[in-house]
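[1] got a sequence here, can you build the structure:
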Amino acid sequence: MKKCYLLLTLLFASVLSCKNDQNKEVESKGPAAVQEVSIAKSSFEDLNGNPIELSDFKGKRVLLNYWATWCRPCVEEMPAMLRAQEVLANENYVFLLASDQSIDKIKAFKDNKKFDFTFLKFNGSLTDMNINALPTTFIYNESGKFMNRVDGATEWDSPKILDKLKAIK
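    Numbers count the residues shown, from 1 in each chain. Okay, the predicted model is just below:
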């Protein structure tokens, strides 16, 4: 009986010591794990998976359109947006079309529709951006300052809209 009691005590002590070692290991890995999680992923990626930030376009006026392949108004406004991009080519504008869909879906859309835009994968949350419907477009000046927001599909190549875009400084 004493042998059995001694054996159970040793077994219990070894289990406790292993458990304490595991906790120490987790504790030592804890801060590193938290640090890895807190490293922010880039807000955008190009279609090759390279990180892109809006600050990469500082010095340009940016028309950033949030859209989706399944969004009919988004797709319907693209021809007018393409014409506006051509008209504004000498106005230092860059047109960026960002979707939170997969890069593969965006690539397939681009290949199918043949729209000549800079398409991006958006890695953030549309809700956090206060975007509740698509399309939504943000316009930034050459300093990177937010200037305007347009909710819903727009006739981007209308004289009125083109004049407003040209006036952004």
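[2] domains in the protein, by residue range?
    1-39, 44-167 (automatic domain parsing).
[3] can I get these in TSV with mean neighbour count and mean pLDDT?
    Every residue, glycine included, has its C-beta placed from N, CA and C. Listed next are these as TSV, based on neighbours: other Cβ atoms under 10 Å; pLDDT from 0 to 100:
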stretch	mean neighbour count	mean pLDDT
domain 1-39	9	37
domain 44-167	16	97
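[4] now residue 137, what's its secondary structure?
    What DSSP: H, G, I helix; E, B strand; the rest coil gives for residue 137 is strand.
[5] so it versus residue 97, what's the distance?
    Applying Cβ to Cβ, to the nearest Å, the value for residue 137 to residue 97 is 9 Å.
[6] need the residues touching each of those two.
    residue 65 (Cβ atoms under 8 Å, 6 or more residues apart in numbering).
[7] which helix or strand contains residue 120?
    strand 118-122 (DSSP states H and E).
[8] residue 73 now?
    Here residue 73 is assigned to helix 72-87, by DSSP H and E.
[9] parallel or antiparallel, list what pairs with the strand holding residue 120.
    Paired strands of strand 118-122, with direction, are strand 44-45 (antiparallel), strand 93-99 (parallel) (DSSP bridges).
[10] residue 93 - nearest residue in space that isn't next to it in sequence?
    Of all residues not flanking residue 93 in the chain, residue 61 sits nearest, at 4.8 Å (Cβ to Cβ, 6 or more residues apart in numbering).
[11] hang on, isn't the one you found packed against residue 167?
    No - the criterion here is Cβ atoms under 8 Å, and residue 61 misses it with residue 167 at 10.7 Å.
[12] hang on, the earlier thing: so for residue 82, which of the strands paired with strand 118-122 sits nearest?
    strand 93-99 (8.3 Å; Cβ to Cβ).
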